[in-house]
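**Q** I need the structure of the sequence given here:
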Amino acid sequence: MRHKIQIILLTIAAFLFFISCDKETKEMIADSGPQQYGIAFSNIPETQRIVMYEVNIRAFSANGNLQDVISRLDSIKNLGINVIWLMPVYPVGEINSVNSPYCIKNYMKVNAEFGSLDDLRELTDEAHIRNMAVVLDWVANHTAWDNPWIDNTDWYSQVDGEIISPPGTGWNDVADLNFDNMEMRKEMIASMQYWVLEANIDGFRCDAADYVPYDFWKQAIDSLKCIKNRKLILLAEGSRTDHFDAGFQMNYGWSFYGKLKDVFVNGTSASGIYTTHLSEYIGLPAGAERLRFTTNHDESAWDATPIEIFNGADGAMAASIIAVCLGGIPLIYGSQEVGTSGTVAFFYNDPINWNTHPEMLQFYNALMQFYNSSDPLVIGGITNYTFTDAVCFKKKIGEEEVVVIVNVRNANTEITLPSDLQYTNWKDAFTNEDLTLTETLSLNNYGFKILYH
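**A** Next up is the predicted model:
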């Protein structure tokens with residue numbers, strides 16, 4: 001009954017606010033729900049300047065809760081992070097369950113395993129104090145089988161009158177939502193708006209976005225824009241280009257990640273990395289970005305962590321330099337900065353040992369701090385140089401230039417530098433020492449240089 005009353009109140013509030021929204025968006029749900037908690041965060045980074053950090057709450061500590069994430073906010077900030085992505089914070093379904101956080105039992109509650117609404121509010125407050133935005137993982141494609149919505153059978157996809165799981169996925173713990181149903185859409189959008197207002201969050205990473213129709217995302221994002229005085233961060237887990245037409249600023253660079261692995265693991269030519277990078281930006285609207293990563297919660301759980309995939313700490317760091325510096329939006333998945341080995345689970349508590357590789361944490365801190373301070377790396381134009389065993393490119397804006405050279409092999413390599421780099425003077429970004437490039441450059445296995453002037 002309490003849930004039904006909450007839905008009624010949200011619907012009334014949505015209707016009252018409806019008149020303030022653009023007439024052309026009359027099919028969307030306007031700003032609804034409670035009054036704004038706290039003060040809307042005013043320092044949302046421009047999309048090109050986002051550096052994102054993914055938090056797997058269950059792995060973050062032995063307790064696996066929001067308070068322990070709060071206790072590590074300073075460490076996250078030291079990585080140069082300005083956007084924190086929290087994996088789903090909602091209660092997990094119990095029917096047919098595998099305990100996945102992507103099996104949502106209630107869209108408008110905090111999982112007691114992680115804490116309370118007050119804990120989430122404290123986390124966003126403390127992140128904002130440290131100049132970091134917070135986005136929630138949003139699972140629009142499906143719900144748990146014991147979500148209260150299940151009573152509305154026409155809200156779900158059906159075959160022969162029976163609700164089904166998302167076709168072709170094997171996700172039997174969840175029920176597939178029917179986006180032809182307008183009432184379901186309205187409740188979904190109202191639930192998204194709820195968190196912006198109730199917990200003062202700054203946007204959403206939308207799970208399985210390719211499975212959800214374009215017109216829903218357009219409706220939802222237009223509705224979110226009706227919330228006054230808010231600039232929201234919107235990331236789609238998918239690769240469809242129409243995500244950007246719907247209003248997302250970012251989606252995933254899966255092809256780039258696959259090519260990066262192909263080069264490091266299978267020994268294919270390093271030249272394919274830049275070619276793939278370019279291909280992912282063909283046809284994108286101005287300002288649209290791809291997410292760049294060497295791991296995320298799926299890869300670290302079901303495949304392996306970067307230290308395993310990229311042949312040790314040196315290979316993992318080399319791959320990270322390419323992913324961070326070549327172009328796109330850098331993502332660090334909590335655990336990679338300390339070189340966690342094996343896998344990192346998210347269906348159960350799997351605490352990270354934050355003391356595993358202190359030298360890697362030092363590396364990531366230095367890399368990301370330099371990245372944030374370097375306009376050429378963040379927004380500069382690029383000149384690529386083609387090699388088989390090394391990635392080499394120059395980025396420039398105005399008179400500032402940065403050169404990045406990375407050996408992608410587990411063996412020493414020597415490259416003949418392009419003529420425009422020969423006999424030029426630089427400073428090393430990690431040591432701040434002066435360096436003059438000559439005709440050739442030798443690099444140890446997975447060695448690298450980031451140079452600037």
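**Q** where does the chain dip in pLDDT?
**A** 1-33 (pLDDT under 70).
**Q** For the closest residue in space to residue 75 that isn't next to it in sequence, list the residues it contacts.
**A** The shortest distance from residue 75 to any non-neighbouring residue, by C-beta to C-beta, 6 or more residues apart in numbering, is to residue 354 (7.8 Å). For every residue, glycine as well, the C-beta is placed using N, CA and C. Residues near residue 354 by C-beta atoms under 8 Å, 6 or more residues apart in numbering: 72, 75, 338.
**Q** wait, doesn't the first one sit right on residue 60?
**A** Yes - look at residue 72 against residue 60 with C-beta atoms under 8 Å: they come within range, at 6.8 Å.
**Q** Those two: which is more packed in?
**A** More crowded of residue 72 and residue 60, by other C-beta atoms under 10 Å: residue 60, with 24 against 15.
**Q** in what helix or strand does residue 370 lie?
**A** helix 358-373 (DSSP states H and E).
**Q** Just the C-alphas of the following helix or strand past that helix, formatted as PDB.
**A** Downstream of helix 358-373, the first helix or strand assigned by DSSP H and E is helix 375-379. C-alpha atoms of helix 375-379 as PDB (Å, rounded to 0.1, in the frame of the first residue of the first chain):
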ATOM      1  CA  ASP A 375      45.200  20.300 -22.200                       C
ATOM      2  CA  PRO A 376      46.900  18.700 -25.100                       C
ATOM      3  CA  LEU A 377      46.000  15.200 -23.800                       C
ATOM      4  CA  VAL A 378      42.400  16.100 -22.800                       C
ATOM      5  CA  ILE A 379      41.300  18.300 -25.700                       C
END
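**Q** Give the other helices and strands that helix 375-379 contacts.
**A** For helix 375-379, the elements it packs on are helix 358-373, strand 390-397, strand 400-407, judged by 3 or more C-beta pairs under 8 Å, 6 or more residues apart in numbering; DSSP states H and E.
**Q** now do 6 Å
**A** Helices and strands touching helix 375-379, by 3 or more C-beta pairs under 6 Å, 6 or more residues apart in numbering; DSSP states H and E, are strand 390-397, strand 400-407.
**Q** How about residues contacting it?
**A** 48-49, 325, 371, 395-397, 400, 402 (C-beta atoms under 6 Å, 6 or more residues apart in numbering).
**Q** can you list the residues that contact the next helix or strand after it?
**A** Counting by DSSP H and E, the element after helix 375-379 in chain order, helix or strand, is strand 381-385. Contact partners of strand 381-385, identified using C-beta under 6 Å, 6+ apart, comprise 274, 392-396, 418.
**Q** again, only using 10 Å
**A** Residues from elsewhere that reach strand 381-385, judged by C-beta atoms under 10 Å, 6 or more residues apart in numbering: 271, 273-275, 277-278, 325-327, 376, 391-397, 401, 403-405, 415, 417-418, 420-421.
**Q** can I get the CA coordinates of it in CSV?
**A** Taking Å, rounded to 0.1, in the frame of the first residue of the first chain, the C-alpha atoms of strand 381-385 are listed here in CSV:
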residue,chain,number,x,y,z
GLY,A,381,44.5,17.6,-31.8
ILE,A,382,46.4,14.4,-32.6
THR,A,383,49.1,13.3,-34.9
ASN,A,384,49.5,9.6,-35.1
TYR,A,385,52.7,7.7,-36.0
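**Q** could you pull out the helices for the stretch 151-300 of the chain?
**A** Counting by DSSP state H, counting those that start in this stretch, the stretch 151-300 of the chain has helices at residues 182-198, 214-224, 242-246, 254-266, 271-281, 297-302.
**Q** picking that back up, what is the nearest of the contacts of helix 375-379 to residue 242?
**A** Within those, the smallest distance to residue 242 is 21.1 Å, found for residue 48 (C-beta to C-beta).
**Q** Scan the contacts of helix 375-379 and report the most crowded one.
**A** residue 325 (27 neighbours).
**Q** what's the residue nearest to it when sequence neighbours are not counted in contact with, if anything?
**A** Nearest non-adjacent residue to residue 325, counting by C-beta to C-beta, 6+ apart: residue 404, 4.9 Å away. When contacts are counted by C-beta under 10 Å, 6+ apart, residue 404 touches 321-322, 324-326, 376-377, 382, 391-395, 429, 448-452.
**Q** switch to 7 Å and redo it
**A** 321, 325, 393, 450 (C-beta atoms under 7 Å, 6 or more residues apart in numbering).
**Q** count of neighbours near the first one?
**A** Looking back up the chat, that one is residue 321. Residues within reach of residue 321, counting by other C-beta under 10 Å, total 21.
**Q** my guess is it contacts residue 448, does it?
**A** Yes - contact criterion C-beta atoms under 7 Å: residue 321 and residue 448 qualify, at 5.4 Å.
**Q** Give me the common contacts of these two.
**A** Contacts common to residue 321 and residue 448, judged by C-beta under 7 Å, 6+ apart, are residue 406.
**Q** Now for residue 247: which residues touch it?
**A** Counting by C-beta under 7 Å, 6+ apart, residue 247 has contacts 218, 221-222, 234.
**Q** TSV for those residues, including distance to residue 291 and neighbour count?
**A** What follows is the contacts of residue 247, written out as TSV (distance: C-beta to C-beta, whole Å; neighbours: other C-beta atoms under 10 Å):
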residue	distance to residue 291	neighbour count
218	21	19
221	18	20
222	23	20
234	12	24
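**Q** Just put these in CSV and tack on distance to residue 44.
**A** Converted to CSV, these look like this (distance: C-beta to C-beta, whole Å):
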residue, distance to residue 44
218, 21
221, 15
222, 18
234, 11
